[in-house]
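Colleague: Just to be clear, the model below is a prediction. Sequence and coordinates:
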Amino acid sequence: MMTRRHLMSVFLLFCGTTFVFIHGKQYYTAAVYEHSSILNPDTHAIIDRELALKLMNKNLDIYEKQITLSAEKGVQIIVFPEDGIHGFNYTRESIYPFLETVPDPDKIKWNPCQDPHAFIRAEVLTRLSCMARKGRMYVVANMPTREDCDDSDPNCPRDGRYQFNTNVVFNDNGDLVARYRKQNLFFEYAFNTPSKAEHAIFDTPFAGKFGMFICYDLLFYEPAVSLIEKYNVSQIAFPTAWMNASPFLTGVQFQRGFASAFSINLLAANLHIPQQRMTSSGLYTPDDSFYYYDVESQEGKLTVAQIPVNPVSHNKSVDVCKTSDHLQFTPCKKLSRCNAKRSVDISQVVFPMIKEDRNNPPTFHSIIHQDKFTLIPLKKPAGELEVCSQSLCCHVSYHGKFSENELYALGAYDGFHKSNTYYIQVCTLLKCANASFASCGAHTTIAHSTIDFVIWGNHSTQHVFPEILGSDVIPFLPDGMGWKNKIYTMCKSDMSSGLLSANLYGRWYEKDNSL
């Protein structure tokens, strides 16, 4: 599903580069391809280079077709997913025949299409380079690579080589212009972690600086956040093999929230393997979402959009978020519930009323995405609630049209995810999978209740990702969001579909190393 604009456009050609102006603003044309990868049936088996190339060339044939289609649409940069060429779940030994050496493009200038024999085992690099050259576009792809080492390096692995999960970038002439090696591996035992986080940046004539990182990197300060904050990068290429994890980390949901939080353009390309919860690709600007999410189809999908060169958010100020005067940015006096002054016509509302008794305490706990949340149910069609977890207190002011037997709750969690991985502070307004408290946080994709809400929290971290997900996994932009008086606030009204979840997903990066 994609949003579309119908605007007057002007196209200019200067020194071989096309500039698109829409209502006076400069845009470039970008594409992401969600790839239904042809996978290795036995990733632990040891095969030779010939068989490895046979598999990779099948996927590269599909890449080449997508680049041809993209060229016809005037695409200037295309992003392909993580693991799309070779697959995943290899051992260190079984991935060996898939590896190629990628020199540091800051030190060695190389065009594999024009000089394919400069490095041994460069067949994949050569094909990608020639695709970029023929299609006259920048190509961002992911592949497994190697870097040989010896006893002079005290950290050199016993087999004499480092193995990396690597992004490569070719410009529209086929030159290798950037390389990035993944810092945050996700159970990827075939690969090594670089000795220090890399900040990969490449320049383009149509949109200036691009940065890139890979999949799990998106959840950490290094290199994702530091790349944006320290190097002032506002265009991000993001190959990923993302496994959707509701209710906070569905791909389109977190990708949308990440682009909103930093007011950047995010070009995200995922694998398409629905049986492994892999689908979610898109091109996200501060004000628009062009995305693909489909758990039914087995086909890949090319998404093309006009992306603003200068990503600036419009009309998303926190000042548009209104609550009653006495409620604005102040906590409730009681943990369980405060009453909002705003009235609502409930004559047509069907709502599963929850009785106040000892079997229904004011708050309850539920495991959500492997973390123990404290929650409070929405018991009336309109009101204000507060719930706390350690130092984090979350609030919501809401009114809605609730569907019968749909239970919603406000939740809070302040702590390490899964006890020991990374630190989060999360406020969530979410639909439970059914009418039981125990189902709050379980996977669900359908909601019929429409809710206007303002949600806010006293997060201790400045890095909060605003997420709104509607029925059928539709990401929505907030009406307003941001900080005021040390409180992070987000609001939304008049949604076109039922609400699945509205989250303020905070990442307290400084706490990650405090265990």
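Modeller: Cool, the structure landed.

Colleague: alpha carbons only for contacts and neighbour counts from here, please
Modeller: Will do.

Colleague: helices or strands up against the top helix by length along the chain?
Modeller: Assignment by DSSP state H gives helix 49-72 as the longest helix of the chain. Under the contact definition 3 or more CA pairs under 8 Å, 6 or more residues apart in numbering; DSSP states H and E, helix 49-72 sits against helix 123-135.

Colleague: and with 10 Å instead?
Modeller: Packing contacts for helix 49-72, counted by 3 or more CA pairs under 10 Å, 6 or more residues apart in numbering; DSSP states H and E, involve strand 25-34, strand 77-79, helix 123-135, strand 138-148, strand 301-308.

Colleague: buried set for the very next helix or strand once past the fourth one?
Modeller: So the one you mean is strand 138-148. Next helix or strand after strand 138-148 toward the C-terminus (DSSP states H and E): strand 161-170. Judged by neighbour count (16 or more other CA atoms under 10 Å), strand 161-170 contains these buried residues: Y162, Q163, F164, N165, T166, N167, V168, V169, F170.

Colleague: Widest-spaced pair of the residues you listed?
Modeller: Y162 and F170 (22.8 Å; CA to CA).

Colleague: roughly how far apart are the closest residue to I78 other than its chain neighbours and V75?
Modeller: Distance criterion CA to CA, 6 or more residues apart in numbering; nearest residue to I78, sequence neighbours excluded, is A31 at 4.6 Å. Distance of A31 to V75, computed by CA to CA, to the nearest Å: 6 Å.

Colleague: Relative to F186, how far out is the nearest residue to A245 once chain neighbours are set aside?
Modeller: Nearest non-adjacent residue to A245, counting by CA to CA, 6+ apart: H369, 7.4 Å away. Using CA to CA, H369 is found at 17 Å from F186.

Colleague: Then T363?
Modeller: 34 Å.

Colleague: Those two - which one has more neighbours?
Modeller: Per other CA atoms under 10 Å, whichever of T363 and F186 has more neighbours is T363, with 17 against 10.

Colleague: any idea which residue sits dead centre in this protein?
Modeller: In the chain, the residue lying closest to the centroid (CA atoms, centre = their mean) is Q255, at 2.7 Å.

Colleague: ok, it - contacts?
Modeller: By CA atoms under 10 Å, 6 or more residues apart in numbering, the contact list for Q255 reads 218, 238, 249, 261, 266-268, 280-284, 289, 291, 465, 467, 475.

Colleague: you'd agree it is in a helix?
Modeller: Yes: assessed by DSSP: H, G, I helix; E, B strand; the rest coil, Q255 belongs to a helix.

Colleague: Just give the number of residues close to the nearest residue to P97 once chain neighbours are set aside.
Modeller: Nearest non-adjacent residue to P97, counting by CA to CA, 6+ apart: R49, 4.7 Å away. Counted with other CA under 10 Å, the neighbours of R49 add up to 13.

Colleague: List the contacts of the residue nearest to I78.
Modeller: 66-67, 70, 73-80, 139, 267-269, 282-283, 290, 302-307.

Colleague: thinking again about what came up before, so which of the helices and strands packed on helix 49-72 is the most packed in?
Modeller: Mean neighbour count (mean count of other CA atoms under 10 Å) peaks for strand 77-79 among these, with a mean of 27.

Colleague: Measure how far it is from the centre of its chain, please.
Modeller: Computed by CA atoms, centre = their mean, to the nearest Å, the chain-centroid distance of strand 77-79 equals 16 Å.

Colleague: The helix or strand just after it - contacts with which helices or strands?
Modeller: Along the chain past strand 77-79, the next helix or strand (assigned with DSSP H and E) turns out to be strand 100-101. If contacts are counted by 3+ CA pairs under 10 Å, 6+ apart, strand 100-101 sits against helix 123-135, strand 138-148, strand 161-170.

Colleague: now those in TSV, with distance to Y231 and mean pLDDT?
Modeller: Listed next are the helices and strands packed on strand 100-101 as TSV, based on distance: least, CA to CA, whole Å; pLDDT from 0 to 100:
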stretch	distance to Y231	mean pLDDT
helix 123-135	26	98
strand 138-148	20	98
strand 161-170	19	99
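
Colleague: Of those, which is nearest G457?
Modeller: Among the helices and strands packed on strand 100-101, strand 161-170 comes nearest to G457, with 36.8 Å by CA to CA.

Colleague: Direction included, what does the helix or strand just after the closest one pair against?
Modeller: The first helix or strand that comes after strand 161-170 along the chain, using DSSP H and E, is strand 176-181. With DSSP bridges as the test, strand 176-181 is paired with strand 161-170 (antiparallel).

Colleague: now the strand it pairs with: how far from the chain's centre is it?
Modeller: In terms of CA atoms, centre = their mean, the centre of strand 161-170 is found 21 Å from the chain centre.

Colleague: sorry, back to before: which residues are in contact with each of A31 and V75?
Modeller: Counting by CA under 10 Å, 6+ apart, the shared contacts of A31 and V75 are I67, V304, A305, Q306.

Colleague: in this structure, what spans have low per-residue confidence?
Modeller: 1-19, 23-24, 315, 323-361, 515 (pLDDT under 70).

Colleague: rerun that using 50 as the cut-off
Modeller: Regions of the chain meeting the criterion pLDDT under 50 cover residues 1-11, 14-15, 324-360.

Colleague: can you pull out the helices in it?
Modeller: In the chain, the helices defined using DSSP H lie at 49-72, 123-135, 226-231, 251-262.

Colleague: Would you tell me which one of those helices is buried the most?
Modeller: With neighbours defined as mean count of other CA under 10 Å, those peak in mean count at helix 251-262, which reaches a mean of 26.

Colleague: Now do that one: distance to the chain's middle.
Modeller: How far helix 251-262 lies from its chain's middle: 5 Å, per CA atoms, centre = their mean.

Colleague: can I get the buried residues of strand 161-170 in a markdown table with distance to K322?
Modeller: Output for these, formatted as a markdown table (distance: CA to CA, whole Å):
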| residue | distance to K322 |
| --- | --- |
| Y162 | 54 |
| Q163 | 52 |
| F164 | 49 |
| N165 | 46 |
| T166 | 46 |
| N167 | 44 |
| V168 | 46 |
| V169 | 45 |
| F170 | 48 |
